[in-house]
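Chemist: Structure, please.
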Amino acid sequence: SDRDIAQLQNQQSMQNQQLAEMQQREAQAKAQEEQKNQILHAIMTPDARERLSRVRMVRPDKARMVEMMLLQSSQQIKTQITEQQVISMLERVNQQAQSSGPRITVQRRSYFDDEEDDDDDEDLR
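Modeler: The predicted structure follows:
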């Protein structure tokens, strides 16, 4: 019927709109990523870029943190960041992660604090 056709066309239109919005978001994300990479390329030496890419393979979270530090300070950077500077930034990120990370403390409960109550079965002999 005409109503079913109109409903199908409406659904198709909504799907097309959602697809277009999704493609636009992906294009924006890609453009932002490209811009970020251009800035990092400009402010880092080849050795520093290589070090960061190796870290990214193993610890992407730490690499992202260093990238954010570099991007935030990119306006003040006068010379290119060296590999040694990237290493020191990674060490700072590691220290921050260790100091702010979740701590697990194991407390063992002692049920028999008195020596008389240590239940060593002496009274059964």
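
Chemist: what sits up against stretch 74-93?
Modeler: 39, 43-45, 47-48, 50-52, 55, 62, 65-66, 69-70 (CB atoms under 8 Å, 6 or more residues apart in numbering). (Glycine included, C-beta is placed from N, CA and C.)

Chemist: Show me which parts of that stretch are buried, residue by residue.
Modeler: Under the neighbour-count criterion of 16 or more other CB atoms under 10 Å, stretch 74-93 has 81, 83, 85-86, 89-90, 93 buried.

Chemist: Repeat that for stretch 65-72.
Modeler: 65-67, 69-70.

Chemist: ChimeraX command for the buried members of the contacts of stretch 74-93?
Modeler: Here is the ChimeraX command that selects the buried residues among these (16+ other CB under 10 Å):
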select :39,43,44,45,48,51,52,55,62,65,66,69,70
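
Chemist: among the contacts of stretch 74-93, which are in strands?
Modeler: Members of those lying in strands (criterion: DSSP state E): none.

Chemist: would you say residue 107 is within a helix?
Modeler: No. Applying DSSP: H, G, I helix; E, B strand; the rest coil, one finds residue 107 to be coil, outside a helix.

Chemist: What is the burial count for it?
Modeler: The tally of other residues near residue 107 (other CB atoms under 10 Å) stands at 5.

Chemist: Show the contacting residues for it.
Modeler: With CB under 8 Å, 6+ apart, residue 107 has no contacts at all.

Chemist: how distant is the helix or strand bottoming out on mean pLDDT in the chain from the center of its chain?
Modeler: Lowest on mean pLDDT, DSSP states H and E among the helices and strands of the chain sits helix 83-100, with a mean of 86. Centre-to-centre, helix 83-100 and its host chain are 14 Å apart (CA atoms, centre = their mean, to the nearest Å).
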